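Asker: A predicted structure for the sequence below; I have some questions about it.
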Amino acid sequence: MGLGNGCQDGVNTRPLFLVIYATVIAGIVFSSLYVFSAVYSSSNPLSDSSSWFSSPSSEFTNSDSTLIKDQRSDVSQPSTGPTPDFSSTIVHNKGEKPIWEAPNTKDMPPPETFHLSKELVQRRAKDNIIIVTFGNYAFMDFILSWVKHLTDLGLTNLLVGAMDTKLLEALYWKGIPVFDMGSHMSTVDVGWGSPTFHKMGREKVILIDSILPYGVELLMCDTDMVWLKNPLPYLARYPEADVLTSSDQVVPTVVDDRLDKWNEVTGALNIGIFHWRPTEASKKLAKEWKEMLLADDKIWDQNGFNELVHKKYGPSVDEDSELAYAYDGNLKLGVLPASIFCSGHTYFVQAMYQQFRLEPYAVHTTFQYAGTEGKRHRLREAMVFYDPPEYFDAPGGYLSFKPSIPKNLILEGEHNLDTHFTLINYQMKQIRTALAIASLLNRTLIMPPLWCRLDRLWFGHPGVLQGSVTRQPFICPLDHVFEVNVMLKELPEAEFGPGINFREYSFLENPLLPKQVKESWLDVHLCKQESEGCSASNDTVLPGVLKFPKGSNEDTFKAIFSTFKDVKVIQFSTMQDAFPGFSDKKREEKFRNRVKRYVGIWCCVENAAPGHIYYDMYWDEKPDWKPHPPRTPEEDRPPL
């Protein structure tokens, strides 16, 4: 009986054995095909250009270096994006390649492949929603960050419009869904407010007018914003809305995550983030908006949108949703809350979402200075911009310091021009010293967090915007004081000395910082030369700790720190009296020529023309220096 049962069990398990056997054989065949595919694709130099974007351990190829060469003169300059792992390569629809997976072909498909069409949009859409941005090659790194944030959130129903062939090809080889906008635009940064900038705005409106008839919901975004949380469930809360738009509102109208109160919004409606449903009312608005802009090239696209929407504005659609009738009286419009669909002011200055204990969905780099470089730096400060591996492991290593600021400079007294400039100048002097040491040691300076008492705007104001929730003091963006674009600009070395690379204050906290940088560290404790045990020596008192005399000259710096050239991060305990300046007068003069251009203006005193006040990197050498606006046309220039 026992034997019989055993034979019967064998008969019963035979089909299971065959299934397992077949599965193993199929796995072997599949693996072989995968290996063959990988070998084939690795021989394709064009597909290699996306490999660094798909694996943390991969490096740039010659093709990738070519793609970014125009954008970067050194590692402080724009990059081409993050280094996601394979978890980011999610398949959108069955049969389609995952985003970030490079095509396994040698040649670009024919141009008609990239034409915008209803078929393309509907194929990429999910739940009948498509998320779209567009730009030219100058914004390649912004676009890659934009896509990376979406794919990290599990959103793949996206498309990128390329305004030049260079961007289209670069995105295609990185495995990003891209279409040709037929704009034939320049590949360089066109600059805010330029005629080409306004042309880009018209392209956006033409794009909206083209996509809405396809019958899909459209979430249109500028490239200088990032998604921090999946917005689609929020947008779905307002199914009656024809259009949901962000705004430049800086005074909160709600303290939770409801739509802003439309009749309390005084800031302009901002078209950098907005959602369109393909209703008759929205299509009518898009068509008239496009016709308005094409008829008059002097109209800014955002002003045109605001003008049309406010032709009829109100009443409320109902008592609860905060939707309002707008435009022709039939369009239902909602204003996304500025606390969580953040502008550059509500996110970087007010930190409104933190104060209301909310989770932000997005941040748009508005209300900022220093052009595109300022936008990039703000996103880096917030650690929401993705850079390639070498950005986090610069040649020569890094220099940082602990800023020492007396409590009274931050917390005591009124918040006014005098106390603001006293606080900034105190920090500026330390940064000036740090820039000199970074230049001397050929290291990249990690900027300290910068404390401000007063906000910076482009019009007269009382220090902070009335009604806003800006705290005083606050850690302000670097572009509030420093001209980030000038700091990144290549200046002739014969006149300005060697360039000085720098990083954002949050750099050492960034999760992308590699282990070899985190673990290669030297703390430098500055001491008074006459104190016991304080001598110019490369002997560390503890592992990773060096005592070093204040006021040492450049020869001493070079002699001691040359022995630590392989240390990735050297952190000074202070910059007070750390370095007296270059003994070589010509080098000192060149350094001064460089860094005095690094600071900008504070703006603006109310009821004064002009009302701006220049920061002065060498304020401490001018005993009569006071923070006041220029009194004559001759004074209205950066300090010498």
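Answerer: Cool, the structure landed.

Asker: distance check, the closest residue to Ile475 other than its chain neighbours against Tyr505.
Answerer: Leaving aside its sequence neighbours, Ile475 sits nearest to Pro449 (CB to CB, 6 or more residues apart in numbering; 4.8 Å). In this view, the C-beta of every residue, glycine as well, is placed from N, C-alpha and C. Using CB to CB, to the nearest Å, Pro449 is found at 4 Å from Tyr505.

Asker: lowest-confidence helix or strand of this structure?
Answerer: Lowest on mean pLDDT, DSSP states H and E among the helices and strands of the chain sits helix 62-69, with a mean of 29.

Asker: distance between the next helix or strand after that one and the chain's centre?
Answerer: Downstream of helix 62-69, the next assigned helix or strand under DSSP states H and E is helix 118-124. Distance of helix 118-124 from the chain centroid (CA atoms, centre = their mean, to the nearest Å) equals 29 Å.

Asker: past helix 118-124, which element shows up next along the chain?
Answerer: Sequence-wise, the next helix or strand downstream of helix 118-124 (DSSP H and E) is strand 129-135.

Asker: what are the buried residues along that following strand?
Answerer: Buried residues in strand 129-135, counted by 16 or more other CB atoms under 10 Å: 129-135.

Asker: export the helix or strand where Gln516 lies to CSV, keeping only CA atoms.
Answerer: Per DSSP H and E: Gln516 is located in helix 515-518. Extracted in CSV, the C-alpha atoms of helix 515-518 (Å, rounded to 0.1, in the frame of the first residue of the first chain):
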residue,chain,number,x,y,z
LYS,A,515,30.5,57.3,0.0
GLN,A,516,34.1,58.1,-1.0
VAL,A,517,33.4,61.8,-0.4
LYS,A,518,31.4,61.4,2.8
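
Asker: show residues contacting the helix or strand following it.
Answerer: Using DSSP H and E, the next helix or strand after helix 515-518 towards the C-terminus is strand 521-527. With contact meaning CB atoms under 8 Å, 6 or more residues apart in numbering, strand 521-527 is reached by 533-534, 540, 544-550, 564, 567-574, 576-578.

Asker: mark which of these are buried, thanks.
Answerer: Buried by 16+ other CB under 10 Å: 534, 546-550, 564, 567-574, 578, out of those.

Asker: of Pro449 and Tyr505, who's got more company?
Answerer: Each of Pro449 and Tyr505 has its neighbours counted (other CB atoms under 10 Å); Tyr505 has more, 19 against 13.

Asker: mind listing what the more buried one touches?
Answerer: Tyr505 makes contact with 381, 446-450, 478, according to CB under 8 Å, 6+ apart.

Asker: please apply the same query to Lys429.
Answerer: Residues counted as contacts of Lys429 (CB under 8 Å, 6+ apart) are 619-620.

Asker: what pLDDT, on average, does stretch 613-624 get?
Answerer: Taken as a whole, stretch 613-624 has a mean pLDDT of 96.

Asker: so what's the residue count around Ala494?
Answerer: Neighbours of Ala494 using other CB under 10 Å come to 7.

Asker: what do you get for the one 4 residues further on?
Answerer: Residues near Pro498, counting by other CB under 10 Å, number 14.

Asker: what of Met352?
Answerer: For Met352, the tally of surrounding residues (other CB under 10 Å) stands at 25.

Asker: return the per-residue confidence for it.
Answerer: 98.

Asker: Asp624 versus that one, what's the distance?
Answerer: Taken as CB to CB, the span from Met352 to Asp624 is 40 Å.

Asker: how about the strands in the stretch 201-350 of the chain?
Answerer: Secondary structure of the stretch 201-350 of the chain (DSSP state E, counting those that start in this stretch): strands located at 217-221, 225-227, 243-247, 269-276, 313-316, 324-326, 331-335, 341-342.

Asker: among those strands, show me which one is buried the most.
Answerer: Of all the strands of the stretch 201-350 of the chain, strand 341-342 has the most neighbours on average by mean count of other CB atoms under 10 Å, namely a mean of 29.

Asker: so what does that one touch, helix or strand wise?
Answerer: Strand 341-342 sits against strand 362-364, with contacts defined as 3 or more CB pairs under 8 Å, 6 or more residues apart in numbering; DSSP states H and E.

Asker: list the buried residues for the helix holding Gln516?
Answerer: Within helix 515-518, the residues that count as buried by 16+ other CB under 10 Å are Val517.

Asker: neighbours around Gln355, how many?
Answerer: Residues near Gln355, counting by other CB under 10 Å, number 15.

Asker: ditto for Pro395
Answerer: For Pro395, the tally of surrounding residues (other CB under 10 Å) stands at 11.

Asker: which strand or helix spans it?
Answerer: Going by DSSP H and E, Pro395 is not part of any helix or strand.

Asker: pLDDT at it, what is it?
Answerer: pLDDT for Pro395: 95.

Asker: what secondary structure does Ile424 sit in?
Answerer: On the three-state scheme (DSSP: H, G, I helix; E, B strand; the rest coil), Ile424 is labelled helix.

Asker: distance of it from Pro406?
Answerer: Per CB to CB, Ile424 is found 14 Å from Pro406.
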